[in-house]
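1. Prediction below, plus the sequence it came from.
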Amino acid sequence: MLNFQKYFSEKAKRLRASEIRELLKWIQGKKIISFGGGIPDPRSYPVKDIAEIAKDVILNYGYKALQYGTTEGQIELREELLKFMRERANVKVESIDNIIITTGSQQSLDLTARILIDPKDVVIVELPTYLVALYAFRDHEPMFYGIPMDDEGMRMDVLEETLKKLKSEGRRVKFVYTIPTCQNPAGVSMSIDRRKRLLELASEYDILIIEDDPYSYYVYEDVPIDRLKSMDSEGRVIYMSTFSKIASPGLRVGWVIGEREIIEKYVIAKQSVDLCTSPLAQYIALEVIRRKVIDKVVKTWTKKYKAKRDIMLKALEEYMPDGAKWTKPVGGFFIFLYLPKGLNTKEMLVKALDRGVAYVPGQSFFVDGSGENTIRLNFSYPKEEDIERGIKILADLIREELSKK
């Protein structure tokens, strides 16, 4: 038997499987109430609409959909996204040269790391932050600094102190990575005042902002949600979003918006990764917008996910023991649960799975190694009738674990 370890590169030796992907693989085919994956409810995918669109795309676009495409993305889709972003997000994009189509938002993050991060560069993230973004960035060996959040999002006072300290040490901060609206995993949204302050600090300290925006389509309360990119007067914000949460994750189509010089680098980096995003998937995405399937999906899913969020919040209130706290998101897919100190939710997961409930332990979302007593709960995926039962099972387990302390 060959020892392949000696053939692997140093980067390959550092690779670790995503905890979320491993969890989803483990529960596949089992009767588990899953609060784990951050995915839409597959029972409500627009299957018939997309099936009809897929057939029409192949017949009407023909070789254009089945041939290689440009690395930047199909012109028609980028033109449609100009209008889409203006109408839905108040983001005024100068031209299609400011947009690149990616193979899902995960590729957007990977390309961002490739073009911006050198070893020992400083990357600032939220505490907690999106786990898979950390995977994408970590391979390029940055120094992470985490900024805590409260109910209004990233704390700007701590960010300012951190930027001052890093500047005095002669450290170069490349960018702040943020999910300002319905954050993953915490569920919180950044207040308008803090969004303004973030832009001011980015200008003052000459840094970029990566705005990851998959969840702003699902806001369940009447609160102002201005994209950072819509407030950006200097071109410092690189904006990314995806069709995964508004049509289907299986399309694997995302997009990045930025200044032309930045997008040109994304294009060059993407050429060596996959040459182009599937033109077939792009034309399906184009027709999903044109035929207003997205409007129907977002309207339907917003109502459905709001109901699920409310069921989970009510169940948490009813069943969780004293000492447990949780976020109350205005939208998105997640609630973040903070348990009393001393509990280790990674160790507790095995017992939860034995009882038929899955979740994602929170520690991996924290770049400072904290968060061992936290849990990310997803409410978009499970059936409504399973949410209360699953939370009760989880609460009973937590109560038992606390009684041992």
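-> That came through fine. Because the structure is predicted, anything quoted here is derived from the model rather than measured.

2. And Val122, its phi and psi?
-> Per-residue torsions, Val122: phi -90, psi 130 (degrees, to the nearest 10).

3. which residues of the protein fall in helices?
-> With DSSP state H, the ranges of helices along the chain come out as 10-14, 19-27, 47-61, 63-66, 75-89, 104-116, 131-138, 156-168, 192-204, 260-271, 279-290, 293-319, 345-354, 384-403.

4. If you count contacts, what does the longest one end up packed against?
-> Of the remaining helices and strands, those touching helix 293-319 by 3 or more CB pairs under 8 Å, 6 or more residues apart in numbering; DSSP states H and E are helix 47-61, strand 334-338, helix 384-403. Every C-beta, even on glycine, is put in place using the N, C-alpha and C of the backbone.

5. again, only using 10 Å
-> If you count contacts as 3 or more CB pairs under 10 Å, 6 or more residues apart in numbering; DSSP states H and E, helix 293-319 packs onto helix 47-61, helix 75-89, helix 279-290, strand 325-326, strand 334-338, strand 374-378, helix 384-403.

6. for these, which one sits closest to Glu141?
-> strand 374-378 (26.1 Å; CB to CB).

7. angle of that closest one against helix 293-319?
-> 130 degrees (axes from the mean of the first three to the mean of the last three CA atoms, to 10 degrees).

8. contacting residues around Arg14?
-> By CB atoms under 10 Å, 6 or more residues apart in numbering, the residues touching Arg14 are 8, 138-139, 141.

9. same question, Thr242
-> 102, 104-108, 212-215, 249, 251-255, 285.

10. now do Leu163
-> Counted by CB under 10 Å, 6+ apart, Leu163 has contacts 122, 124, 145, 147, 171, 173, 176, 201-202, 204-205, 207.

11. Let me have those in JSON lines, extended by pLDDT and neighbour count.
-> Putting those into JSON lines (pLDDT from 0 to 100; neighbours: other CB atoms under 10 Å) gives the following:
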{"residue": "Val122", "pLDDT": "98", "neighbour count": "20"}
{"residue": "Ile124", "pLDDT": "98", "neighbour count": "26"}
{"residue": "Tyr145", "pLDDT": "98", "neighbour count": "21"}
{"residue": "Ile147", "pLDDT": "98", "neighbour count": "23"}
{"residue": "Arg171", "pLDDT": "95", "neighbour count": "14"}
{"residue": "Val173", "pLDDT": "97", "neighbour count": "21"}
{"residue": "Val176", "pLDDT": "98", "neighbour count": "28"}
{"residue": "Leu201", "pLDDT": "98", "neighbour count": "18"}
{"residue": "Ala202", "pLDDT": "98", "neighbour count": "22"}
{"residue": "Glu204", "pLDDT": "98", "neighbour count": "12"}
{"residue": "Tyr205", "pLDDT": "98", "neighbour count": "16"}
{"residue": "Ile207", "pLDDT": "98", "neighbour count": "18"}
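
12. now, the most widely separated pair of the residues you listed?
-> Farthest pair in those (CB to CB) is Tyr145 and Glu204. Separation: 16.8 Å.

13. Of the helices of the chain, which is nearest Ser233?
-> helix 192-204 (8.0 Å).

14. just the angle between the closest one and helix 156-168, please?
-> 10 degrees.

15. Renumber starting at 431 from here on
-> I'll keep to 431 as the first residue from here, and by that count the last item is helix 622-634.

16. Would you mind listing the outside residues contacting helix 622-634?
-> By CB under 10 Å, 6+ apart, the residues outside helix 622-634 that reach it are 579-580, 582-587, 589-590, 592-594, 597, 603, 605-606, 608, 610-611, 619-621, 637-639, 641, 653-658, 660-664, 666-667.

17. Give me the distance from that helix to the chain's centre.
-> Put simply, helix 622-634 sits 21 Å off its chain's centre (CA atoms, centre = their mean, to the nearest Å).

18. Show me the beta-bridge partners of the nearest residue to Gly792 once chain neighbours are set aside.
-> Closest residue in space to Gly792, ignoring its immediate chain neighbours: Thr804 at 2.9 Å, by CB to CB, 6 or more residues apart in numbering. Counting by DSSP bridges, Thr804 forms beta bridges with Tyr768.

19. Number of residues surrounding Thr804?
-> 24 (other CB atoms under 10 Å).

20. surely it meets Tyr768?
-> Yes: in this structure, Thr804 is within contact of Tyr768 by CB atoms under 10 Å, at 5.5 Å.

21. So for those two, which residues contact both of them?
-> 616, 755-756, 792.

22. Now rank those by neighbours and give me the top one.
-> Ala616 (29 neighbours).

23. quick one, what contacts it?
-> Neighbour list for Ala616: 556-560, 579-581, 583, 609, 756-757, 759, 762, 764-766, 768, 792, 795, 804, 806 [criterion: CB under 10 Å, 6+ apart].

24. Pull out the buried residues from the residues you listed.
-> Listed as buried from the contacts of Ala616 are 556-560, 579, 583, 609, 756-757, 759, 762, 764-766, 768, 792, 795, 804, 806; burial here means 16 or more other CB atoms under 10 Å.

25. Quick check: Arg720 vs Ser525, distance?
-> In this structure, Arg720 and Ser525 are 20 Å apart, going by CB to CB, to the nearest Å.

26. between the two, which one's more packed in?
-> Shown here are Arg720 and Ser525; by other CB under 10 Å, Arg720 has more neighbours (15 against 10).

27. Quick one: residues contacting the closest residue to the more buried one other than its chain neighbours.
-> Once flanking residues are discounted, Arg720 sits nearest to Glu510: 6.6 Å by CB to CB, 6+ apart. Counting by CB under 10 Å, 6+ apart, Glu510 makes contact with 504, 526, 715-720.

28. Glu694 too?
-> By CB under 10 Å, 6+ apart, the residues touching Glu694 are 502, 527, 530, 545, 688.

29. close enough to count as contact, the third one and Ile692?
-> Yes: using CB under 10 Å as the test, Ile530 is close enough to Ile692 to be in contact (9.4 Å).

30. any low-confidence regions in the chain?
-> 447-460 (pLDDT under 70).

31. which parts of stretch 707-723 are buried?
-> Buried, per 16+ other CB under 10 Å, within stretch 707-723: 707-719, 723.

32. For the closest residue to Ala754 other than its chain neighbours, give me its contacts.
-> What sits nearest to Ala754 in space, not counting adjacent residues and going by CB to CB, 6+ apart, is Leu769, at 5.5 Å. For Leu769, the contacting residues are 750-751, 753-756, 775, 778, 792, 802-805, 828, 831-832, by CB under 10 Å, 6+ apart.
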